[in-house]
Structures are given as structure tokens and as C-alpha cells.
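> no sequence on hand, only this structure:
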Ligand SMILES: Cc1ncc(COP(=O)(O)O)c(C=O)c1O
Ligand SMILES: N[C@@H](CCOP(=O)(O)O)C(=O)O
């Protein structure tokens with residue numbers, strides 16, 4: 001399996017190279033040269049398997065010869081051993097035709113653990129073998145950062161620097177990043193929004209001198225392995241509701257477009273998905289673009305679903321690459337226009353996007369109402385991001401086809417918003433019960449490429 005860049009100008013890489021590289025050297029994102037297909041019988045055979053066994057079968061074709069079957073099985077087993085639910089990604093029924101996919105039973109209580117725990121194991125195995133050291137730099141609106149720090153803390157051959165927007169993540173998210181004591185992990189508070197943090201990370205990848213000097217690697221969803229790991233739970237949940245003999249739809253709370261793009265990959269692999277619904281908060285650039293073709297970031301408005309406060313949605317580039325018939329130069333042109341303020345998607349590409357994705361928006365009051373309503377009617381306490389999914393899903397339900405809404409984080413990560421909406425205080429699970437007593441370690445850094453690079457160079461001068 002070879003991997004190509006969405007901008008068509010970077011070297012074609014193997015799975016391991018693409019994973020350790022992160023952003024392509026032409027600024028694009030890596031994707032497999034061809035999407036492997038699973039026959040209906042192979043999909044049906046996933047029924048009754050453990051999550052780990054299903055994960056092996058779904059991901060194996062993408063790995064090539066990077067790992068033997070035995071190595072890959074062991075990596076998957078270690079990745080999910082720390083999850084607190086036996087099913088890893090259990091389904092809970094909300095209504096006659098509506099199901100919630102709980103993705104928050106990993107160590108940091110968000111869906112990011114599914115990919116990050118796996119990537120931690122994959123990096124460790126690959127780096128042990130090639131004797132290299134990497135410096136991971138990531139941007140977070142709260143969940144990627146905590147999952148990355150958890151997955152890589154204490155690893156010998158890895159330093160991790162996470163840029164987060166100061167004052168714009170929840171207290172639990174901040175503490176998850178700032179309290180680990182291992183000195184290879186660093187939480188960096190940046191003045192600005194998530195989009196600023198993500199832009200600085202991409203700037204660092206595009207500064208080849210810096211990139212090569214520190215051995216830069218990325219674990220944001222620019223990294224293909226992140227998306228790949230998230231494909232698995234689309235298969236396991238759909239199969240448990242009757243796929244491939246029955247179609248299902250998914251609604252996905254969306255910000256950086258990584259999670260829903262994983263659903264798109266599952267569909268391309270042969271999973272019978274009727275509709276993939278993009279659910280946004282008030283930062284609704286994706287909903288607007290899928291409706292009117294205009295992609296013009298106009299500033300982030302902070303919300304009670306902070307992890308989705310994103311206007312420059314990184315993985316949308318992968319969807320555009322597919323919608324433009326894998327024309328890298330067309331994507332490169334759009335990304336140039338984005339630097340100057342935005343772009344208009346062509347009619348043909350918009351039609352392709354609309355054939356694959358529906359979308360909806362949920363404002364702050366609707367988010368609170370969805371938390372309250374779901375608690376009152378089902379006893380399920382939703383985090384604000386998952387509530388956005390439920391609200392938009394309810395608008396897109398059709399009879400017969402089951403709707404699966406992704407519950408992307410545990411309500412205890414956002415206690416203030418959840419309590420205000422429902423009157424219920426969501427307690428932290430026991431392994432995090434003393435989170436508020438642990439001491440924090442945060443470095444404030446200017447939103448300036450030079451300042452961030454200098455800090456990283458100083459801290460990695462081993
Ligand atoms: C809790 C939560 N829900 C939803 C999202 C959106 O996911 P994606 O960025 O993959 O679209 C995020 C952040 O990415 C998140 O942390
Ligand atoms: N919501 C994310 C934003 C970064 O997304 P990623 O999937 O590209 O890593 C977060 O919680 O950090």
C-alpha cells in the first residue's frame with residue numbers, strides 16, 4: 001500500500017513513512033493510493049468478533065509490510081487494553097431507530113483515544129526498530145492534546161509539544177494536558193484560537209530546516225494513521241445493527257473533519273452507509289460550504305462545545321481531493337486561495353460532496369436543549385459535542401434506516417455546560433478522581449512561529 005499527497009507534489013510513501021512524516025512536504029495530507037474493498041461476506045464475518053479482532057481485519061490492508069500479522073495483533077491488543085468498557089465502543093439505544101456510539105471509554109474520555117492509543121504503540125514499535133527519535137508537535141482544541149500526551153508520556157524516543165488556545169479548553173482538558181509529570185511532554189498555552197495553533201503546527205512542517213533539525217512528526221488527524229484507526233468503529237457499530245444486510249446512517253459532531261472522513265473511508269471500503277451527516281456547532285463553516293459551496297473562514301466564536309470551535313478544517317482537504325477526482329493541483333490551488341481568504345467549490349465537486357455528506361448546525365441553546373431532553377427521556381448524559389450530534393441526527397432521521405450518532409466525549413470533560421443544561425453533575429471516573437489536586441505544568445508561548453520553534457529546539461537539545 002502506497003500513500004499519495006492531496007497536493008500531488010510530495011514523494012509517494014509507505015504506511016510507516018507516511019505515519020512518521022505527518023504532513024506531506026508539499027503541505028498536503030497523505031491518503032492511500034487506492035481504498036481497499038471489503039466484500040459483503042468479509043464485513044458480515046466481523047459480527048461477533050472482539051473490537052481488537054475487527055480492528056485487525058479492517059486496518060490490515062493499509063499497513064502493508066510495516067508490521068507482521070503477529071506484531072500488528074499485539075500492537076492492537078496493547079492499544080485497547082486500557083479501555084474501561086469490554087466492547088470498547090458500545091452502542092446505546094436512544095430511541096426506536098436512534099443509537100448512540102459511546103466513544104469515550106478510553107483513558108482520556110474522548111474518541112481520540114481510539115486512534116492515539118494505537119498510534120502510540122505503532123510509533124514505539126517503529127522507532128524501536130529504526131533507532132530514530134521524533135519530536136511530535138500537535139495542535140488541540142482540548143481532546144487531541146490530552147490523548148496524545150497520555151499515549152506518548154514517558155516514551156524514550158519521543159518528545160511531545162501540544163499547542164492549545166489559552167482559556168479556550170475546558171478545565172478538565174487543560175489539566176489532562178498539564179498534570180502528567182513525565183518530562184518528554186509539554187503543554188504550551190498560546191494566545192488565540194485552535195485555528196492559530198493548527199496554523200503554527202503546519203508552519204513548522206513547512207519550515208524544512210526546523211522540521212529536519214528536530215525530526216518533526218505529527219499526530220493530529222493530518223496523520224493518516226489517525227483517520228485509519230477511526231474507520232474501525234464505523235464497521236463494528238454498523239455490523240452490530242445488521243450491516244452488510246442492512247444500511248445504516250451516521251451523524252458525526254465535526255470540527256477538523258477527521259472523524260467523519262473516517263466514515264467516508266468505511267463507506268468507500270464497502271460498508272453500506274446510507275447517509276453521513278456532518279453536525280457543526282455555531283462555527284458552521286462546513287455546514288455552510290456543503291450548502292452553498294463557499295468556504296470562507298470568518299473567525300471562531302467560542303462555544304460550550306470548545307473542541308469543535310474550528311473554522312479551518314484540516315481534513316476537508318482530503319474530502320476535496322476526492323471530490324475533485326484526486327486532482328492534486330486543483331486542491332493546491334484551493335489551498336492557495338484559502339490563504340487569501342477562502343474559495344468556492346466547483347459545481348461538480350459540490351455535487352460529489354453532497355452525494356456523500358449531509359449537514360446540519362446546532363446553536364448554543366439547541367445544544368443545551370439536546371442535553372436536557374436526552375437526559376430526561378433516556379437517562380443518557382451527553383457532552384455538548386455529542387448533544388450537537390443528537391440534535392442534528394434527529395433532523396436527519398428517516399424511517400427504517402437506523403441512525404448512529406457518535407458520542408465523542410464523556411460529559412465529565414465539560415461539567416459546567418452539562419450541569420447547566422441538565423442539572424446533573426457528571427463525576428470524573430475513578431482513575432481521574434484526583435485530577436483537580438494534581439500540580440500543573442504549563443508554558444505560555446507567544447503565537448509566533450520563531451518563538452515556538454526556539455522553545456522546542458531548546459527543550460529537545462538532549
Ligand atoms: C469531543 C469532540 N467532538 C468532536 C470533535 C470533532 O472531530 P473532528 O475534528 O474529527 O471532526 C472533536 C475534535 O476534533 C472533539 O474533541
Ligand atoms: N477537536 C480536536 C482538534 C484537533 O483535531 P485533530 O483530530 O486534527 O487532531 C481536539 O480536540 O484537539
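Structure's in. What do you need? Here the structure is a predicted model, which is why all the values come from computation and not from measurement. Ligands and ions are numbered 1, 2, ... in the order given.
> please make it C-alpha for all contacts and neighbour counts, starting now.
Fine.
> who in the protein is up against ligand 1?
With the criterion set to C-alpha under 6 Å from any ligand atom, the chain comes near ligand 1 through 143, 253-259, 307-308, 385, 408-409.
> let's see that with 5 Å instead.
Residues of the chain lying close to ligand 1 by C-alpha under 5 Å from any ligand atom are 143, 253, 254, 255, 256, 257, 258, 259, 307, 408, 409.
> give me the residue ranges of the protein where confidence is low.
The chain contains no residues with pLDDT under 70.
> circling back to that earlier point, now go through the residues of the chain next to ligand 1 and say which are in strands.
Residues of these located in strands (DSSP state E): residue 253.
> now do the strands in the stretch 351-462 of the chain.
Taking DSSP state E, counting those that start in this stretch as the criterion, the stretch 351-462 of the chain carries its strands at 357-361, 403-407, 442-445.
> to residue 209, which of the ones you listed lies closest?
strand 442-445 (21.0 Å; C-alpha to C-alpha).
> can you list contacts of that closest one?
For strand 442-445, the external contacting residues (C-alpha atoms under 8 Å, 6 or more residues apart in numbering) are 178, 186, 187, 188, 189, 190, 191, 451, 452.
> so who does residue 258 touch?
By C-alpha under 8 Å, 6+ apart, the contact list for residue 258 reads 221, 227, 314, 315.
> any idea which of the residues you listed is closest to ligand 2?
Nearest to ligand 2 out of those is residue 221 (C-alpha to the nearest ligand atom; 3.8 Å).
> circling back to that earlier point, show the buried residues in the contacts of strand 442-445.
Listed as buried from these are 178, 186, 187, 188, 189, 190, 191, 452; burial here means 16 or more other C-alpha atoms under 10 Å.
> against ligand 2, how distant is the fourth one?
So that's residue 188. Separation of residue 188 from ligand 2 (C-alpha to the nearest ligand atom, to the nearest Å): 13 Å.
> now the second one
Taken as C-alpha to the nearest ligand atom, the spacing of residue 186 relative to ligand 2 amounts to 15 Å.
> that residue and residue 292, how far apart?
Distance, residue 186 to residue 292, using C-alpha to C-alpha, to the nearest Å: 41 Å.
> give the contact list for the residue of the stretch 51-200 of the chain found nearest ligand 1.
Relative to ligand 1, the nearest point of the stretch 51-200 of the chain is residue 143 (4.6 Å; C-alpha to the nearest ligand atom). Shown in contact with residue 143 (C-alpha under 8 Å, 6+ apart): 108, 110, 112, 173, 307.
> would you turn the buried ones among the contacts of strand 442-445 into JSON lines with secondary structure and distance to residue 83?
Output for these, formatted as JSON lines (DSSP: H, G, I helix; E, B strand; the rest coil; distance: C-alpha to C-alpha, whole Å):
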{"residue": "178", "secondary structure": "helix", "distance to residue 83": "22"}
{"residue": "186", "secondary structure": "strand", "distance to residue 83": "24"}
{"residue": "187", "secondary structure": "strand", "distance to residue 83": "24"}
{"residue": "188", "secondary structure": "strand", "distance to residue 83": "27"}
{"residue": "189", "secondary structure": "strand", "distance to residue 83": "29"}
{"residue": "190", "secondary structure": "strand", "distance to residue 83": "31"}
{"residue": "191", "secondary structure": "coil", "distance to residue 83": "34"}
{"residue": "452", "secondary structure": "helix", "distance to residue 83": "34"}
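> export these as TSV, with columns for distance to residue 329.
Formatted as TSV, these follow (distance: C-alpha to C-alpha, whole Å):
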residue	distance to residue 329
178	41
186	37
187	36
188	35
189	35
190	33
191	34
452	31
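> just the buried residues out of the contacts of residue 143, in ChimeraX syntax.
Applied in ChimeraX, the following selects the buried portion of these according to 16+ other C-alpha under 10 Å:
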select :108,110,112,173,307
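> what does the stretch 251-400 of the chain put close to ligand 2?
residue 307.
> and the helices in the stretch 251-400 of the chain?
Listed in chain order, the helices of the stretch 251-400 of the chain (DSSP state H, counting those that start in this stretch) span 258-268, 285-292, 316-323, 328-339, 347-356, 364-378, 384-396.
> what about the residue lying closest to residue 84 once chain neighbours are set aside, distance to residue 221?
Nearest residue to residue 84 in three dimensions, chain neighbours excluded: residue 105, at 5.5 Å (C-alpha to C-alpha, 6 or more residues apart in numbering). Residue 105 is 20 Å from residue 221, where distance means C-alpha to C-alpha.
> would you mind pulling the contact partners of stretch 226-243?
With C-alpha under 8 Å, 6+ apart, stretch 226-243 has contacts from 43-44, 46-47, 51, 54-55, 58-59, 89-91, 101, 114-116, 118-119, 219-221, 244, 247-248, 258-259, 261-263, 265-266, 271-272, 402.
> and residue 319, how many residues sit next to it?
Residue 319 has 21 neighbours, counted by other C-alpha atoms under 10 Å.
> give the helix, strand or coil label for residue 77.
At residue 77 the chain is in helix, as set by DSSP: H, G, I helix; E, B strand; the rest coil.
> for it, which non-adjacent residue is closest in space?
Nearest one to residue 77, counting by C-alpha to C-alpha, 6+ apart, is residue 52 at 6.3 Å.
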